[in-house]
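In: Only the shape, not the letters, is given here:
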């Protein structure tokens, strides 16, 4: 072939359906070893995944080359969770090749939707924290920001949730049993991670004391990489996950001696670190495993970050110019001590220089206002697992308290409250305090949350570091939570305002005028109805309950926890049930009330609430007097894929946490973006949703955060509400006296007692009357289909602020000082 002939050749156009068809067929043959005739559904998924992955890795390699050439400052996002969900449809849409993939599969006799359903959700997270991290990775890539995520490659997710006899049953979530076609194993990227042992101190000859961490055990951390594509861009970033490997694979001597269990014992113990997401920490062994798990991924990540920095740089003072690290909650907070350990003990920097670098590199995101949810570790346990790091933390604390004492002399109460070591509760390391002291910026995740951080949880730290605290309101990626999960709505919006809103969500504002367009409202209702019909079929398939897609779909989907108040929703369900049986006109609007969410395995009361929901559902759904006007559904094993069916089909979004307890929430944003109206308290991001959509387009009820605080100060008597409200008293008596558990009348006595005798900590009874009255307003409005639809469209139109693109740009500008890198 001539040189001129070679130079005129063009690369394959993989967005061409014919080329994609050929690529699919090739992967089916050469990757899966199957023919079109013998291929299973899983083979077709694997072939499709590898065909899409081909394009991902090409772009990822180009992204890495461009970043290496330009040497920008990079962001590293440390999170114990990344709830990324399925990848096939998301990657194909972001890359712009979904039509080619669909047509290529169709030409080979396959349907894309059926192929997508084969993929198992990546079990790398549990709830909002992990889903937020996944949205952030999507936005970082979409905005061409150089950075990557770091986490753990869990072999098993938190658990698969089954419901048996109304009760949550946990089963292993073995999501990797068929392998993961999206990941790239990196056996050359491996780092030692040390535990236990002790510290030896000796003089270095220059009057300084050196510290050597000796003996102990070593586990190897090996990297797996997952490509993360941006939308409508050439950038593909990386999510690096660590898996634990034994430093010594196999004890041949033990094996030859016939001791087969001992031969693999070290390997099994070492590799348990990356086995399970959130091991049950109700036991001492579980707590220690959790601490080791957190340090394992932090140490490997810090070593990898410094390795990358040292490839191109030798001046340590440049580290803050090239590295920004975001701590997603307190789980990775030990990174502050690990960076000090690496800089001082491994790379021989002095304390002052190392600490100056650390405090310019780290930033910390807080996700909770509840002190009991902030991670702490007993000093004795911490010292046993990480002896050198406890020494470093003690020294950080000593110097910090000296500074505080200098600036606030004589205030011993302040010193006690801000100390990294809690001396009052059995001596514990406060990881949130370590994160605050070691970070240059601390942010909350909603305006009200950030303000409460400064006035309650971290009030003393705000007094010491008044400029350190800022707000960055959370956001969601419109690529997954509109473009992917709701193609019907995406299509009709695009027909009116174009498709650029997928990458620039503020453009949804153009929809405001279309809320007054009767034809658009009709199309909007048709899309919603189609989504509800799809969900109704899914519900029947999963739990065998037939629901009416013409009823209002009233949805509460989130982790089961007392403060999220699923129980308040149950009180409303029972109230509706009683009204229907008594012929009350308020119950005229048919409702399907849907719950979904997991309870932590050791959280007995949350699991009891799940059982109550299911027992109430059994009574309500089987009562002929109800006649289909009310259905209650608990959908088991809530995950990203089921969320993608639930959000588009929801009419009413339940965001009913006690005011002042929810940091932000993102389910509220996803619901509103998909055309649901919100009923909620003035908590978390609900406050900002109210500001954006207007008070006539949201249903707000209940006590405000100041009113909650005032009520607690002046005394709250739940019995006043019990005796003062006949409907409430009837509902509580039904729960407490066994109406929903006749075979075990005292089954829910604990719930009754918690709401009455034990003080109703989350103020359900205080908010009950307001909640019920507001629900009555919801029912009345839903009967006016045109007005309900108009308000739903206005919710969608005003969701632009809640794009994770906006969130990430705020982080990039206000926290990280990281700039976009456009690929040439």
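Out: Ah, there it is. If you're wondering where the values come from, they're calculated on a predicted model, not measured in any experiment.
In: For whichever strand or helix holds residue 221, what does the pLDDT average out to?
Out: Secondary structure from DSSP states H and E places residue 221 in strand 217-229. For strand 217-229, mean pLDDT rounds to 97.
In: Sheet partners, orientation included, of it?
Out: Looking at strand 217-229 with DSSP bridges, its partner strands are strand 184-195 (antiparallel), strand 236-246 (antiparallel).
In: from those, which stretch is densest packed?
Out: Neighbour counts (mean count of other Cβ atoms under 10 Å) averaged over each of the strands paired with strand 217-229 peak at strand 236-246, with a mean of 23. Bear in mind the C-beta positions are built from the backbone N, C-alpha and C, glycine included.
In: can you tell me the average pLDDT over it?
Out: Strand 236-246 shows a mean pLDDT of 97.
In: cool, stretch 623-640 as well?
Out: Here the average pLDDT along stretch 623-640 is 95.
In: Which of the helices or strands spans the closest residue in space to residue 107 that isn't next to it in sequence?
Out: What sits nearest to residue 107 in space, not counting adjacent residues and going by Cβ to Cβ, 6 or more residues apart in numbering, is residue 21, at 4.8 Å. Assigned by DSSP H and E, residue 21 falls within helix 17-30.
In: Centre of the chain to that helix, how far?
Out: 35 Å (Cα atoms, centre = their mean, to the nearest Å).
In: Name the residues of the helix or strand that it is followed by that are buried.
Out: Toward the C-terminus, helix 17-30 is succeeded by helix 41-70 as the next helix or strand (DSSP H and E). Residues of helix 41-70 classed as buried: 43-53, 55-56, 59-60, 63, 66-67 (neighbour count, 16 or more other Cβ atoms under 10 Å).
In: Leaving aside the residues adjacent along the chain, what's closest to residue 542?
Out: Excluding the flanking residues, the one nearest residue 542 by Cβ to Cβ, 6+ apart is residue 635, at 6.2 Å.
In: what do you get for residue 122?
Out: Closest to residue 122 by Cβ to Cβ, 6+ apart is residue 84, at 5.1 Å.
In: Who are the contact partners of the one you found?
Out: Going by Cβ atoms under 8 Å, 6 or more residues apart in numbering, residue 84 touches 122, 124-125, 134, 137, 226, 239, 640.
In: mind checking the SS state of the residue nearest to residue 441 when sequence neighbours are not counted?
Out: Nearest non-adjacent residue to residue 441, counting by Cβ to Cβ, 6+ apart: residue 363, 4.3 Å away. Using DSSP: H, G, I helix; E, B strand; the rest coil, the secondary structure recorded for residue 363 is strand.
In: I'd say residue 363 and residue 324 touch.
Out: Yes. The pair residue 363 / residue 324 is scored as a contact, 7.1 Å apart, by Cβ atoms under 8 Å.
In: so what sits against both of these two?
Out: 815-816.
In: Check the secondary structure at the residue nearest to residue 546 when sequence neighbours are not counted for me.
Out: Using Cβ to Cβ, 6+ apart and skipping residues adjacent in sequence, the residue nearest residue 546 is residue 540, 5.6 Å away. Secondary structure state of residue 540, per three-state DSSP, is helix.
In: Residue 594: helix or strand, and which one exactly?
Out: strand 591-596.
In: let me fix that: residue 389
Out: helix 387-407.
In: Who are the packing partners of that helix?
Out: With contacts taken as 3 or more Cβ pairs under 8 Å, 6 or more residues apart in numbering; DSSP states H and E, helix 387-407 sits against strand 198-203, strand 209-214, helix 335-341, helix 351-361, helix 379-385, helix 412-418, strand 421-422, helix 431-438.
In: For the strand holding residue 594, which strands pair with it and how are they oriented?
Out: When DSSP bridges is applied, strand 591-596 pairs with strand 552-557 (parallel), strand 630-635 (parallel).
In: which outside residues touch the helix or strand that that strand is followed by?
Out: Note on strand 591-596: by DSSP H and E, the next helix or strand toward the C-terminus is helix 604-622. With contacts defined as Cβ under 8 Å, 6+ apart, helix 604-622 is touched by 163, 166-168, 545, 560-562, 566-567, 570, 573-574, 577, 595, 599-600, 626, 630-634, 735, 739-741, 747-748, 750-751, 754.
In: run the last query once more with 7 Å
Out: Helix 604-622 is contacted by residues 163, 166-168, 545, 560-562, 566-567, 570, 573-574, 577, 595, 599-600, 626, 630-634, 740-741, 748, 750-751 when judged by Cβ atoms under 7 Å, 6 or more residues apart in numbering.
In: Strands - which of those land there?
Out: Among the contacts of helix 604-622, the members falling in strands (DSSP state E) are 163, 167-168, 595, 630-634.
In: Narrow those to those that are buried.
Out: Buried by 16+ other Cβ under 10 Å: 163, 168, 595, 630-634, out of the ones in strands among the contacts of helix 604-622.
In: Return the closest of those residues with respect to residue 819.
Out: residue 595 (44.1 Å; Cβ to Cβ).
In: how close does the closest one get to residue 671?
Out: From residue 595 across to residue 671, the span is 14 Å (Cβ to Cβ, to the nearest Å).
In: What residues of stretch 738-757 count as buried?
Out: The neighbour-count check on stretch 738-757 (16+ other Cβ under 10 Å) flags 738-741, 747-748, 751-752, 754-756 as buried.
In: ends of that stretch, how far apart?
Out: Stretch 738-757 has an end-to-end distance of 17 Å (criterion: Cα to Cα, to the nearest Å).
In: and if you look at stretch 312-319?
Out: For stretch 312-319, the end-to-end distance is 11 Å (Cα to Cα).
In: Tell me the buried residues in stretch 813-824?
Out: 815-816, 818, 821.
In: who touches that stretch?
Out: Here stretch 813-824 makes contact (Cβ under 7 Å, 6+ apart) with 62-63, 66-67, 70, 72-75, 143-147, 234-235, 324, 363, 441, 443, 470, 812.
In: what is the rounded mean pLDDT of it?
Out: pLDDT averaged over stretch 813-824 gives 93.
In: same thing with stretch 65-84?
Out: Per-residue scores along stretch 65-84 average to 96.
In: can you give me the offset of that stretch from its chain's centre?
Out: The answer for stretch 65-84 is 19 Å, by Cα atoms, centre = their mean.
In: Would you point out the helix or strand in the protein whose mean pLDDT is lowest?
Out: Lowest by mean pLDDT, DSSP states H and E among the helices and strands of the chain is helix 3-7, with a mean of 38.
In: element containing the nearest residue to residue 598 once chain neighbours are set aside?
Out: Spatial nearest neighbour of residue 598, chain neighbours left out: residue 161 (5.1 Å); criterion: Cβ to Cβ, 6+ apart. Residue 161 is part of strand 160-164, with elements assigned from DSSP H and E.
In: I'd like to know which elements that strand is packed against.
Out: Taking 3 or more Cβ pairs under 7 Å, 6 or more residues apart in numbering; DSSP states H and E as contact, the helices and strands that strand 160-164 lies on are strand 167-171.
In: Report the contact partners of the residue nearest to residue 308 when sequence neighbours are not counted.
Out: Counting by Cβ to Cβ, 6+ apart, residue 308 lies nearest to residue 74, which is 7.9 Å off, once chain neighbours are set aside. With contact taken as Cβ under 7 Å, 6+ apart, residue 74 is in contact with 146-147, 322-323, 818.
In: Looking at these, state which has the most neighbours.
Out: residue 147 (27 neighbours; other Cβ atoms under 10 Å).
In: That one bridge partners, please.
Out: Residues in a beta bridge with residue 147, per DSSP bridges, are residue 75.
In: That one against residue 141, yeah?
Out: No. Using Cβ atoms under 7 Å, residue 147 makes no contact with residue 141, being 8.8 Å away.
In: Quickly list what's touching both of those two.
Out: Jointly contacting residue 147 and residue 141 under the rule Cβ under 7 Å, 6+ apart are residue 237.
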